[in-house]
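**Q** next input, structure requested:
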Amino acid sequence: MDFSLTQEQEAIRAVAARFGKERLAPYYQQRELAPALDRGLLKDVADLGFVGMSVPPEQGGLGLDCVIRGTVVEELAYHDFNFTYLVMIGSLMAEILCKYGDPEVVAEWLPKVVSGEALVALGLTEPQAGSDAANLAVKAQRSGNSFVINGEKTSITLSDQADLILLFARTGTPEEGARGVSAFLIPLDQKGITRTRFNDIGSKLIGRGSVFLDNIRVPENHMVGKEGRGFTQVMQAFDFSRVLIGLQCIGAAQASLNETWRYTTEREAFGAPLAQYQGVTFPLAEADTQLTAARWLCYRALWLRDQGLPHTAEAAMCKWWAPKLSHDIIHQCLLTHGHFGYSMDLPHQQRMRDVLGLQLGDGTAQIMKLIIARERVGKVAVQYA
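**A** Numbering: from 1, shown residues only. Down below sits the predicted model:
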């Protein structure tokens, strides 16, 4: 197996690393306190092509393969975990629009998404439907050549800052389950839409909240994918996003680990650097080993996707393991820094809080393990399937 990058891939990775080091890392902690996203900074990273990584060149993107897109995400997350989400969600939504969007709607919105001008939120979760995502209550009722949508979406990242939402609503009967769910691209600046923001413990830059829709009329050409097929079609993209989430967490953990290795050579105790004490270095050595294993699991999943091979189980492995492992490693790094680590001045506490959210969002560990079991032994492993 060849684990090396091509010369072109290495050049793209280096651009992401340089942007992260120069533009993201110095203000990672300060951005948590900002009242809103820096849209100018988003445009700068979009100008590098990173929001349009998945979009074919003829539609204004870079058309990169999955492996190199993963390296970009990891490099950016090393420097700013939260800002990297904007690149991930923008790239994912652009890809979904390209595959399933109406040409007229794509022509209007895709250039804005790729350029960083428009942010798209993912509107799946509802108050009673989180892990059971196919059990949606929000309805879209046909009215002439439009759909009228009512209901609440909750736990929506970018809830109060996004310009659009890719919203899943039931167009069929509840008995149809996922087969009766459709997806719609909805601008969020219209009358009848209200939004809230939660006071979360982490990822404050991007935020999370609820979106309420009161008799919102959506033209039928804003349906993304086929009627009743939106959930099953768009969920195919989640295999990819789950792997990127793994690499996003790994990037943050690697930053804390590298800083902690360096700290052990600088801090002295009992007349010697901390690095001379096995009680200090062995936990870090274990963390380095585990993080390397998780990284290659992620890149193997991306390689499988590039080859057109099944990778649903591997993507689920990345999603449940990497966030948990990264949180535990960052926690160990914080402890290794002693009383210095237990300070808001160092970034470990923020990385730990930020990574924690992805043990919940986009599918819990329990759901990911159900997916793995289903892939191995079929529906007998999943009671509700």
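**Q** what's the closest non-adjacent residue to residue 12?
**A** Leaving aside its sequence neighbours, residue 12 sits nearest to residue 68 (C-beta to C-beta, 6 or more residues apart in numbering; 5.7 Å). Where you see a C-beta, it was placed from the backbone N, CA and C, and this is true even at glycine.
**Q** hang on, residue 147 is in a strand, isn't it?
**A** Yes. Assignment of residue 147 by DSSP: H, G, I helix; E, B strand; the rest coil places it within a strand.
**Q** OK, contacts around it?
**A** Residues near residue 147 by C-beta atoms under 8 Å, 6 or more residues apart in numbering: 140-141, 169, 171, 184, 217-218, 220, 223.
**Q** switch to 10 Å and redo it
**A** 139-141, 169, 171, 182, 184, 186, 216-220, 222-223, 227 (C-beta atoms under 10 Å, 6 or more residues apart in numbering).
**Q** can you check residue 229 too?
**A** Contacts for residue 229 (C-beta under 10 Å, 6+ apart) come out as 100, 171, 178-183, 223.
**Q** from the residues you listed, which land in helices?
**A** If you go by DSSP state H, those have residue 100 in helices.
**Q** just the buried residues out of the contacts of residue 229, in ChimeraX syntax.
**A** In ChimeraX, this line selects whichever of these come out buried by 16 or more other C-beta atoms under 10 Å:
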select :100,171,178,180,181,182,183,223
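**Q** the longest helix seen in the chain: what's the following helix or strand?
**A** Looking across the chain with DSSP H, the single longest helix is helix 230-266. Note on helix 230-266: by DSSP states H and E, the next helix or strand toward the C-terminus is strand 268-269.
**Q** quick one: average pLDDT of that following strand?
**A** Averaging pLDDT along strand 268-269 yields 92.
**Q** can you give the strand pairings for that strand, parallel or anti for each?
**A** As defined by DSSP bridges, the strand partners of strand 268-269 come to strand 272-273 (antiparallel).
**Q** any residues touching the strand it pairs with, and which ones?
**A** For strand 272-273, the external contacting residues (C-beta under 10 Å, 6+ apart) are 263-267, 280.
**Q** mind doing that once more with 7 Å?
**A** For strand 272-273, the external contacting residues (C-beta atoms under 7 Å, 6 or more residues apart in numbering) are 264-265, 267.
**Q** repeat for stretch 236-250
**A** 66, 70, 73-74, 77, 81, 84, 88, 92, 95-96, 291, 294-295, 298, 301-302, 305, 311-312, 315-316, 318-319, 322-323, 326, 355, 358, 362-363.
**Q** type out the ChimeraX command that picks the buried ones from the residues you listed.
**A** With 16+ other C-beta under 10 Å as the criterion, this ChimeraX line picks the buried residues out of those:
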select :66,70,73,74,77,81,84,88,92,95,96,291,294,295,298,301,302,305,311,312,315,316,318,319,322,323,326,355,358,362,363
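**Q** how close does the residue lying closest to residue 266 once chain neighbours are set aside get to residue 335?
**A** Leaving aside its chain neighbours, residue 266 sits nearest to residue 273 (7.3 Å; criterion: C-beta to C-beta, 6+ apart). For residue 273, the distance to residue 335 (C-beta to C-beta, to the nearest Å) stands at 18 Å.
**Q** now do the SS call for residue 63.
**A** Secondary structure, three-state DSSP: residue 63 is coil.
**Q** tell me the confidence at it?
**A** On pLDDT, residue 63 comes in at 92.
**Q** quick one: it from residue 71, how far?
**A** Residue 63 sits 16 Å away from residue 71, taking C-beta to C-beta as the criterion.
**Q** cool, residue 194 as well?
**A** Using C-beta to C-beta, we find residue 194 at a distance of 39 Å from residue 71.
**Q** so those two - more neighbours on which side?
**A** With neighbours defined as other C-beta atoms under 10 Å, residue 194 and residue 71 compare such that residue 71 has more, 22 against 13.
**Q** the more buried one belongs to a helix?
**A** Yes. Secondary structure of residue 71 (three-state DSSP): part of a helix.
**Q** wait, it touches residue 13, no?
**A** Yes. Counting by C-beta atoms under 7 Å, residue 71 sits close enough to residue 13 to count as a contact (4.5 Å).
**Q** could you list the domains of the chain?
**A** Domain ranges of the chain: 7-114, 120-226, 232-381, per automatic domain parsing.
**Q** and the strands in the stretch 51-200 of the chain?
**A** 120-123, 139-143, 146-157, 164-170, 181-187, 193-195 (DSSP state E, counting those that start in this stretch).
**Q** any idea how far the fifth one is from the chain center?
**A** Just to be clear, that refers to strand 181-187. Distance, stretch centre to chain centre, for strand 181-187: 19 Å (C-alpha atoms, centre = their mean, to the nearest Å).
**Q** ok, now which ones touch residue 66?
**A** Taking C-beta under 7 Å, 6+ apart as the criterion, residue 66 is in contact with 240, 302, 305-306.
**Q** which one of the strands of the stretch 51-200 of the chain lies closest to residue 204?
**A** strand 146-157 (11.5 Å; C-beta to C-beta).
**Q** using CSV, write out every CA atom in the closest one.
**A** Extracted as CSV, the C-alpha positions of strand 146-157 are listed here (Å, rounded to 0.1, in the frame of the first residue of the first chain):
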residue,chain,number,x,y,z
SER,A,146,-44.9,24.6,-3.9
PHE,A,147,-44.6,22.9,-0.5
VAL,A,148,-45.8,24.4,2.8
ILE,A,149,-43.5,23.5,5.7
ASN,A,150,-44.3,23.8,9.5
GLY,A,151,-42.3,22.6,12.5
GLU,A,152,-39.1,22.8,14.5
LYS,A,153,-35.6,21.7,13.8
THR,A,154,-33.3,21.6,16.8
SER,A,155,-29.6,21.1,17.6
ILE,A,156,-28.8,22.8,14.3
THR,A,157,-25.2,24.0,13.9
